[in-house]
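Student: Sequence unavailable; structure follows:
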């Protein structure tokens, strides 16, 4: 099974599907092709969230602001999974999650033919994903153009500050519905359901209740809850949390007990 | 075969695909993940329209404004098909269509583990769909956490008023192109092709011709026709019927012969 | 394998998938369903770009402003591939690319039952694609309702004017990111990397550098490059080329050496 993730929109990913289908009958599963444009850290967040749900697979990820520069193209073995994508950090958070404590094995993809300088998804990553998926995960070195490499870009999400009655973090992503997802672990809200917290953002200060479900507040009201990824998020019931709290991706956010 | 429908946008449905792929090799087919947000009746309309085209399958539907409340999670056998989703009525119009006159068999899904309170698509419905698809449609009770149940929310589309020269109904959905689809059956237009009708909406009154194809009127002109779902719709050739007629989802609409 | 392309948005294509799945177990691959609405030439461009990446397959294409008129519905054999779609030219550029010099074989699809007049994707093209994919590519005439035909609409992209220091062409498509893709072949830029050209468009005149990668200019700066389809495109690094150059689909564009 090969999964595809990119910021290519449509119809470019279809060219990748064709390239893969010419090389292997493997099942192809689209993860998303509307990842934030050139948003390496946001893509890493979503893939960290989604890919661990999958059985062992080859995950081809193309969010690649450096296409055409000399950044390496990578194949990574992470536990029973393989990741393929540019060496800009986008693979590292999902790889750590998939590796389950085992060391990562990294290879750079040696260019076979002159690739187009603008569409490595089609010309470099899709063929590499097809080839990686066609060999045993333990034998990636059997693909001649996969060259073992050591140093790769490591991306880590920022670490929040956590105290008893206070947490300071950062918004990692805003989803399509305006839910602003922070890096503050959901455990910070343990035992606080029903309390109100003061939320400080670049957009100002406001209070909001800690709830377990959106429906616990009236339509249009702000709320704080633990999302399905395990982090504290700033939301509005049937509305947009990013607007209500004045928050965008990468913005700082503080939660204060009252 | 498992079909997936939701209002989750992207990339959340990918997590459901992973959960399913870990449990079964069944083929997964996306119906739509951009169903109107929390639009239970609109989702029911679209699924009633689309699902009967499929061969016997398990259809997982997650449009669920009540997630986290005590609404039940359902598995329904409808003829040779199985539907999985929240007990809010979204399943009932497609289920009636798929059952083809046979009685529905309903089960509620007993929660296995503490599910996240916000992402039942991943934690409740996707695993249930995988399990339902893995057993014989006649033996759903062999899945231990599927508990037979009787009463479920029944959603029915409103009944229009039909007279010889007059019909009064309601807009069920507006599609992405602005076509405003009513609940007035297409038979109301039988024998009227070429006639003009007066259309009364919250946006005002206007006349429009009854045609068989969009191309029968000039670009930008309003028209009335029978859509592929069999209902009267208010459209504009290469334009938006909702704007031209002043119509939105759930609005009343009347058609008068002149 | 059956690929699907349309301008239907969502959820209409799901009905086509159901119709196909009832007739054949063939794999279904979505190319795109957000092709420009009724944009026959733009669809032809994208399919010419994407379909040749695929192994032999049946490609069902529905961009059909003439639905409900008497335009024919076609099945075309092009080399080892089969194309299915309306006779409006949308199939001809990809068919020529797939035929690889061999003559095309064309059939019109005789209507079996009264089709809906608005959804031939579901009622005509999807069943024809399923049937075409189920027989040998060399024996399409074994499907009784495929009737050999000779004359079909031939669509060709306009030919640019090319001189040593000057090229005049037309924008074929603007992609989702605002890259304005012309019909001027990339070879016009051979040996000019690093030079600046004067670009004349309906929006005015400006100079822009010829580069090999977007990253060669600062964020927000215009550039000229050869895209992955082999044509000269007018782009902006992390911005929209269509806005910066004042260009839309079908607009004339000239490139002058300085």
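Tutor: Here it is on my side, so go on. What you see is a predicted model; the values in this text were computed from it and never measured.

Student: how near is residue A:252 to residue B:127?
Tutor: For residue A:252, the distance to residue B:127 (CB to CB, to the nearest Å) stands at 37 Å. Where C-beta positions appear, they are placed from N, C-alpha and C, glycine not excepted.

Student: Looking at those two, which is more packed in?
Tutor: residue B:127 (22 against 14; other CB atoms under 10 Å in any protein chain shown).

Student: Tell me the helix or strand right after the helix or strand encompassing the more buried one.
Tutor: Assigned by DSSP states H and E, residue B:127 belongs to helix B:126-134. Sequence-wise, the next helix or strand downstream of helix B:126-134 (DSSP H and E) is strand B:146-148.

Student: distance between the helix or strand following that following strand and the chain's centre?
Tutor: Next helix or strand after strand B:146-148 toward the C-terminus (DSSP H and E): strand B:161-163. From the chain centre to the centre of strand B:161-163 is a distance of 24 Å (CA atoms, centre = their mean, to the nearest Å).

Student: same question, stretch A:165-184
Tutor: 14 Å.

Student: hang on, the earlier thing: ok, is the helix holding residue B:127 in contact with chain A or not?
Tutor: No: Helix B:126-134 does not reach chain A (CB under 8 Å from any CB of the partner chain); its nearest approach is 8.8 Å.

Student: Where does residue A:95 sit: helix, strand or coil?
Tutor: Three-state assignment for residue A:95 (DSSP: H, G, I helix; E, B strand; the rest coil): helix.

Student: ok, it - contacts?
Tutor: By CB atoms under 8 Å, 6 or more residues apart in numbering or on different chains, residue A:95 lies in contact with A:76, A:78, A:83, A:104.

Student: check contacts around the residue nearest to the first one when sequence neighbours are not counted.
Tutor: Nearest residue to residue A:76, sequence neighbours excluded (CB to CB, 6 or more residues apart in numbering or on different chains): residue A:83, at 4.5 Å. The contact partners of residue A:83, taken as CB under 8 Å, 6+ apart, are A:58, A:59, A:60, A:61, A:74, A:75, A:76, A:91, A:94, A:95, A:98.

Student: So the fourth one is in contact with residue A:47, correct?
Tutor: Yes: applying CB atoms under 8 Å, one finds residue A:61 in contact with residue A:47, separated by 6.1 Å.

Student: what touches both of the two?
Tutor: A:5, A:90, A:91, A:94.

Student: and the closest residue to chain B within the stretch 151-258 of chain A, how many residues sit next to it?
Tutor: Across the stretch 151-258 of chain A, the shortest distance to chain B (CB to the nearest CB) belongs to residue A:213, at 2.7 Å. Neighbourhood size, residue A:213 [other CB under 10 Å]: 15.

Student: For the stretch 51-200 of chain A, what lies in contact range of chain C?
Tutor: A:65, A:66, A:67, A:68, A:69, A:116, A:117, A:118, A:119, A:122, A:123.

Student: Kindly report the residues of the stretch 51-200 of chain A close to chain B.
Tutor: Proximity of the stretch 51-200 of chain A to chain B, by CB under 8 Å from any CB, involves residues A:51, A:52, A:53, A:54, A:55, A:57, A:175, A:176, A:177.

Student: can you give me the helices for the stretch 151-258 of chain A?
Tutor: Along the stretch 151-258 of chain A, the segments classed as helices by DSSP state H, counting those that start in this stretch run A:241-245.

Student: Pick out the residue of it closest to chain C.
Tutor: Counting by CB to the nearest CB, the stretch 151-258 of chain A gets nearest chain C through residue A:176, at 14.3 Å.

Student: give me every residue that touches the nearest residue to that residue once chain neighbours are set aside.
Tutor: Excluding its sequence neighbours, the residue lying closest to residue A:176 (CB to CB, 6+ apart) is residue B:9, at 4.1 Å. Shown in contact with residue B:9 (CB under 8 Å, 6+ apart): A:175, A:176, A:177, B:33, B:34.

Student: Now the two most distant members of the residues you listed.
Tutor: Greatest spacing in these, by CB to CB: A:175 and B:34 (13.9 Å).

Student: So between these two, which is more surrounded?
Tutor: Applying other CB under 10 Å to residue A:175 and residue B:34 shows that residue A:175 carries more neighbours, namely 21 against 15.

Student: I figured the more buried one was touching residue A:181, is that so?
Tutor: Yes: counting by CB under 8 Å, residue A:175 does reach residue A:181; the two are 6.7 Å apart.

Student: Show me what stretch A:35-42 is in contact with.
Tutor: Against stretch A:35-42 from outside (CB under 8 Å, 6+ apart): A:5-7, A:43, A:46, A:63-65, A:88-90, A:155, A:157, A:172-173, A:249-250, B:11, C:177, C:238.

Student: Select only the buried ones of the residues you listed in PyMOL?
Tutor: Selecting only the buried entries of the contacts of stretch A:35-42 in PyMOL, with 16 or more other CB atoms under 10 Å in any protein chain shown as the criterion:
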select buried, (chain A and resi 5+6+7+43+46+63+64+65+88+89+90+155+172+173+249) or (chain B and resi 11) or (chain C and resi 177+238)
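
Student: Assign residue A:13 to one of the three secondary structure states.
Tutor: Reduced to three states by three-state DSSP, residue A:13 is helix.

Student: Find the residue ranges of chain A scoring beneath the pLDDT cut-off.
Tutor: Applying pLDDT under 70 to chain A flags the ranges A:113-116.

Student: What is the nearest of the contacts of residue A:83 to chain B?
Tutor: Nearest to chain B among these is residue A:59, at 10.4 Å by CB to the nearest CB.

Student: tilt between the strand or helix carrying the closest one and helix A:126-134?
Tutor: Secondary structure assignment for residue A:59, by DSSP H and E: strand A:58-62. Strand A:58-62 and helix A:126-134 are oriented at 160 degrees to each other (axes from the mean of the first three to the mean of the last three CA atoms, to 10 degrees).

Student: Give me the next element, helix or strand, following strand A:58-62.
Tutor: Counting by DSSP H and E, the next helix or strand C-terminal to strand A:58-62 is strand A:73-78.

Student: Compute the inter-axis angle for that next one and helix A:126-134.
Tutor: Relative orientation of strand A:73-78 versus helix A:126-134 (the same axes, to 10 degrees): 20 degrees.

Student: Can you give the distance from the helix or strand following strand A:73-78 to the centre of its chain?
Tutor: Remark: after strand A:73-78, the chain's next helix or strand is strand A:81-86, criterion DSSP H and E. Relative to its chain's centre, strand A:81-86 lies at 13 Å (CA atoms, centre = their mean).
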